[in-house]
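*Asks:* quick one, fold the following:
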Amino acid sequence: MAISVSCDSCGKRLNVRDELIGKKVKCPSCKTVFAVPGVGGGGAAIRVRKQVKEKGAKVSISWGFVMMIAGAVLVVGSVVAIVFGPVRAKKEWEPMAEKAVSDVTDVVERGLQVHMTNIGLYNPRVDRSPPTVHEVHMLWDMLVMGLPEHIRFKGTTNEGEYTGTYNTQTQEVVAEVEIGGAVVAGSGEAHKHGDTKIKVNGSMKDGDLKVWVDGKKAEFPAPKTKPTRPDRGTVLPIAPGL
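*Replies:* Model prediction:
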């Protein structure tokens, strides 16, 4: 504890330790030596409270507010990611979606019809109902951040179901097609799956459809023609009497 005393000569107040009561001290101002008086004894000494430095004010953090800010940042980030990811990818896909469905239909139908012809289950010159694609479903992934190179698809024909991928860069169709199944048109699935599958791939570019079935180019067999009788020349009738 400290006490405050006045110099006997110049009256300047000094703060000294209370252990110095009754002892002599020198005034730093006038250099006069005087005895430190006691406190409460009619002297000029008074007690002084020790000044304590106040610590800096504490900052209280509200975790609820922090979580609210973090949630807002997460929401904004998610919206930005969606706009510049899946939404942009879907806009890139939409202009080519119609052609993709058409290409899948053409490639799968051509492969199916040629294969059925080669195994004797379809004759394009006689049968009025060729093997046909009933539907095509392009399976778009909503979480993609850019236009994918391959987009999956599935669908049905009158022989069963088929699945595959469409290449958005090369426009090539690759599919596995069931043979020997049964489908009710519009049902979206086979009520009897085919017992075999063929691999069909191909593309339609500039109106030129090229298809392969199990690695072999899919072409309808050339129609058989009846042999013609050889031309033996014209025989003139013989005049009677000659």
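*Asks:* quick one: the strands in this structure?
*Replies:* Per DSSP state E, the chain carries strands over the ranges 2-6, 13-17, 24-26, 33-35, 46-48, 133-139, 150-157, 160-167, 173-179, 182-183, 190-192, 196-205, 208-213, 216-217.
*Asks:* okay, now residue 137: neighbour count?
*Replies:* Residue 137 has 14 neighbouring residues, counting by other CB atoms under 10 Å. For every residue, glycine as well, the C-beta is placed using N, CA and C.
*Asks:* so what's residue 207 scoring on pLDDT?
*Replies:* Residue 207 is assigned 89 on the pLDDT scale.
*Asks:* same check, this time on residue 239
*Replies:* Looking at residue 239, its pLDDT reads 55.
*Asks:* worst average pLDDT in the strands of the chain?
*Replies:* strand 46-48 (a mean of 62).
*Asks:* thinking again about what came up before, make CSV out of the strands of the chain and add distance to residue 74.
*Replies:* Below are those laid out as CSV (distance: least, CB to CB, whole Å):
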stretch, distance to residue 74
strand 2-6, 58
strand 13-17, 59
strand 24-26, 69
strand 33-35, 74
strand 46-48, 57
strand 133-139, 29
strand 150-157, 30
strand 160-167, 34
strand 173-179, 39
strand 182-183, 46
strand 190-192, 44
strand 196-205, 43
strand 208-213, 49
strand 216-217, 54
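*Asks:* so which of those gets nearest residue 67?
*Replies:* The closest of those to residue 67 is strand 133-139. By CB to CB, the value is 37.5 Å.
*Asks:* for the closest one, C-alpha coordinates in PDB please.
*Replies:* Only the C-alpha atoms of strand 133-139 are listed here, as PDB (Å, rounded to 0.1, in the frame of the first residue of the first chain):
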ATOM      1  CA  VAL A 133     -37.700 -48.900 -80.700                       C
ATOM      2  CA  HIS A 134     -40.600 -48.000 -78.500                       C
ATOM      3  CA  GLU A 135     -39.000 -45.300 -76.300                       C
ATOM      4  CA  VAL A 136     -35.700 -43.600 -75.400                       C
ATOM      5  CA  HIS A 137     -34.900 -42.200 -71.900                       C
ATOM      6  CA  MET A 138     -31.800 -40.100 -71.600                       C
ATOM      7  CA  LEU A 139     -30.600 -40.400 -68.000                       C
END
